[in-house]
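Peer 1: Got a predicted structure plus its sequence, pasted below:
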Amino acid sequence: MQDRIQHVGSGLRDIDTDWARLTEKLVMKNIFNMKFLPFTACALAALAGISRSASAENVVLTVTGTIIPASCTPTLGNGGVIDYGYIKADTLSATAFTTLASKSIDFSIACSGPVKVAITAVNGRPGTLAGAAESGSQSAGTSPVALLGFATPAVVGLGLDGTKKIGGYAIRVSPSTFIADTNAVVNIGQNSIDDPATWNTSNVNLYNQAAPYRKISWAATSTTVPVSFTNLAGKLDVHAYINKTTDLDITHAFALDGMTTIEIIYL
């Protein structure tokens, strides 16, 4: 009987031991589950975020503009036409460039209020200059002949007759002709697009063969600082030359076709 009781007791102890081991296993399993489940959720959330970022598409809208103190309108006399009329072929040289007469045209700027401005020229006939290679953003070259009192001014093309280059011309703001409101002003030029310290009185041609572009403005006498004005008036000078007739087809009539657009820049 005692042996049977001891056996039952031993069995109960074995059951207690097994239950303790089972409980330990269950607790450890829950501990691991508690550790791994939050990590798995975070990983899934991160992956979901990456997926959304990788597949996201967007477009950016920007709002830009420039506030100017006044608006200005440039005007050219004679409808903006420099007319050389009829030029007889037998007056042109077969072996040299023929220089035509210089001509002037009225130029004015009317603004809605006082403002500092400059002008720049845009060549409407790039690739047509005779006797010189074009360069720079204005597609200008160095003149093969003296024009406007300069030995080698910047020039642009007079268009094409088929594939033949007709000639070239220089254009400048005429000295001592400009009035800003009621005051005489001097012409000043700048070759750099971002250095206001380079204004000087020698750069009066509208074209430049090296700089990004040439800007022209106006200053009080003996200064090089652009002035504000409401109305400005003066003249532009144009001087053209014609290519050698050996490089032209003079068996038919053709027209000079130079074109310059003058743009306003607000300073």
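Peer 2: That came in fine, so what should we check first?
Peer 1: low pLDDT regions in the stretch 1-150 of the chain?
Peer 2: By pLDDT under 70, the low-scoring segments of the stretch 1-150 of the chain are 1-56.
Peer 1: Show me how the chain divides into domains.
Peer 2: Domain ranges of the chain: 1-64, 72-266, per automatic domain parsing.
Peer 1: The stretch 101-250 of the chain: helices as residue ranges?
Peer 2: For the stretch 101-250 of the chain, applying DSSP state H, counting those that start in this stretch gives no helices.
Peer 1: hang on, the earlier thing: which of the domains of the chain is buried the deepest?
Peer 2: Ranked by mean neighbour count under mean count of other C-beta atoms under 10 Å, those are led by domain 72-266, which reaches a mean of 17. For the C-beta atoms, the positions are set from N, CA and C on the backbone; glycine is no exception.
Peer 1: how far is that one from where the chain is centred?
Peer 2: Computed by C-alpha atoms, centre = their mean, to the nearest Å, the chain-centroid distance of domain 72-266 equals 21 Å.
Peer 1: End to end on that domain, go ahead and measure it.
Peer 2: End-to-end distance for domain 72-266: 9 Å, by C-alpha to C-alpha, to the nearest Å.
Peer 1: try stretch 237-254
Peer 2: One end of stretch 237-254 sits 24 Å from the other (C-alpha to C-alpha).
Peer 1: Tell me the confidence at V225?
Peer 2: For V225, the pLDDT comes out at 93.
Peer 1: ok, the closest residue to it other than its chain neighbours - contacts?
Peer 2: Nearest residue to V225 in three dimensions, chain neighbours excluded: A219, at 5.4 Å (C-beta to C-beta, 6 or more residues apart in numbering). Residues in contact with A219, defined by C-beta atoms under 8 Å, 6 or more residues apart in numbering, are V185, V186, I188, W199, V225, P226, V227.
Peer 1: redo that, cut-off 6 Å
Peer 2: V186, I188, V225, P226, V227 (C-beta atoms under 6 Å, 6 or more residues apart in numbering).
Peer 1: separation between it and I188?
Peer 2: 5 Å (C-beta to C-beta, to the nearest Å).
Peer 1: Equivalent analysis for I109, please.
Peer 2: Using C-beta to C-beta, I109 is found at 15 Å from I188.
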